[in-house]
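S.K.: could you work out the structure for the sequence below:
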Amino acid sequence: MLSTRALEGAPNWIDLAAPDLDGALAFYGALFGWRFRPLGPDAGGYGFFQLDGRTVAGALPTGAGRELPGWTVYFRTEDAEATAETAERAHGSVLFAPGDVMGLGRMAGLADSAGAVFRVWQPGEVEGLDAASEPGALCWVELHTPDVAAGAAFYHRVLGLETSATAFPDGMYTCVSPPGAGEDTMFGGVVRSADDPADAGAGAYWLPYFAATDPDAVADQARKGGGTVLLPPVTVAGVGRMARLTDPYGARFAVIRGERPQG
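M.R.: Residues are numbered from 1 along each chain as shown. Next up, the predicted model:
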């Protein structure tokens, strides 16, 4: 699962673009207990979702110049310019060029060769999230893409990410780790979107997972709050209990209560 360690290529930030930021705060506050701390008038409406005073995500209104509503995953890089150039050479796209963000760090908006949107963050004053892999915080990310091998090759070239195959009762799963960091730093996976009916019409995208002590209760609350349950809570042997959801504005995310290792 994810950690807050500074590992090159690993996710170190996530944020939400929402057409109604107050509505999104009410929705996610009811799900996870998050509170919103705005960064002030110079931040274009941007602020931090916090849990017990620690930042677990960022958020801003879509009217601030962002694309469609949704969650965006950021990956740590030491050189945003070089990473953006490599993404272009790997047949990805630079959605916006690397630039300074209020002295907090440098950011670039990218899309991979299948169109999945992501960001890279070169830390300045802000290294990344304050919490990970605990209830209410980001714990896993998953690339949904039409071609698993091509997706893995793109992120290996651009971010150095390494993949490994893990066997589960329903088949093999491609796991993702930071370069040279070992399997204990595994933070995500890659799945073939054509095999998942819930991905119909969604294109390629990164799906964030948030840790939850009771995924069933979170799914019920999401439905009550105007969200959609794409995948009702289900237990996957060797993984845990999970559900896939959207918020009232269509942003996709998942929740999971991981299985404790036996023995």
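S.K.: give me the low-pLDDT residue ranges for the stretch 51-200 of the chain?
M.R.: For the stretch 51-200 of the chain, applying pLDDT under 70 flags the ranges 64-67, 181.
S.K.: ok, which stretches of the stretch 51-200 of the chain are helices?
M.R.: Using DSSP state H, counting those that start in this stretch, the helices of the stretch 51-200 of the chain run over residues 80-89, 148-159.
S.K.: got the angle for the shortest one vs helix 148-159?
M.R.: If I follow you right, that is helix 80-89. 150 degrees (axes from the mean of the first three to the mean of the last three CA atoms, to 10 degrees).
S.K.: which elements pack onto helix 80-89?
M.R.: Under the contact criterion of 3 or more CB pairs under 8 Å, 6 or more residues apart in numbering; DSSP states H and E, helix 80-89 touches strand 93-100, strand 105-111, strand 117-123, helix 148-159. For the C-beta atoms, the positions are set from N, CA and C on the backbone; glycine is no exception.
S.K.: can you list those in a markdown table and add mean neighbour count and distance to Asp214?
M.R.: Listed next are these as a markdown table, based on neighbours: other CB atoms under 10 Å; distance: least, CB to CB, whole Å:
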| stretch | mean neighbour count | distance to Asp214 |
| --- | --- | --- |
| strand 93-100 | 14 | 36 |
| strand 105-111 | 20 | 34 |
| strand 117-123 | 22 | 30 |
| helix 148-159 | 20 | 31 |
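S.K.: which of these sits closest to Ala219?
M.R.: Set against Ala219 and scored by CB to CB, the helices and strands packed on helix 80-89 come closest in strand 117-123, at 25.4 Å.
S.K.: for the closest one, list the C-alpha coordinates in CSV.
M.R.: Extracted in CSV, the C-alpha atoms of strand 117-123 (Å, rounded to 0.1, in the frame of the first residue of the first chain):
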residue,chain,number,x,y,z
VAL,A,117,-4.7,11.9,-17.4
PHE,A,118,-2.2,12.3,-14.6
ARG,A,119,0.1,14.9,-13.1
VAL,A,120,3.7,15.0,-11.9
TRP,A,121,4.8,16.9,-8.8
GLN,A,122,8.3,18.1,-8.2
PRO,A,123,8.3,18.9,-4.5
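S.K.: mind listing what that strand pairs with, with the direction of each?
M.R.: Here strand 117-123 has these sheet partners by DSSP bridges: strand 70-76 (parallel), strand 105-111 (antiparallel).
S.K.: next, the angle strand 93-100 makes with the last one.
M.R.: So the one you mean is strand 105-111. 170 degrees.
S.K.: one more: the first one?
M.R.: For strand 70-76 against strand 93-100, the angle between stretch directions is 60 degrees (the same axes, to 10 degrees).
S.K.: buried ones in strand 70-76?
M.R.: Using 16 or more other CB atoms under 10 Å as the test for burial, strand 70-76 gives 70-76.
S.K.: for Ala114, list the residues it contacts.
M.R.: Each residue near Ala114 by CB atoms under 8 Å, 6 or more residues apart in numbering is listed here: 145-147, 150-151, 154, 203-204.
S.K.: try Tyr28
M.R.: By CB under 8 Å, 6+ apart, Tyr28 lies in contact with 16, 34, 49, 247.
S.K.: who's in contact with the helix or strand where Arg223 lies?
M.R.: For Arg223, the element it lies in under DSSP states H and E is helix 215-224. Outside helix 215-224, the residues that touch it by CB under 8 Å, 6+ apart are 27, 30-32, 212, 228-229, 232-233, 241-243, 245, 247, 255-257.
S.K.: repeat the analysis, applying 10 Å as the threshold.
M.R.: With CB atoms under 10 Å, 6 or more residues apart in numbering as the test, helix 215-224 has contacts from 27-28, 30-32, 135-136, 210, 212, 214, 227-235, 240-248, 253-257.
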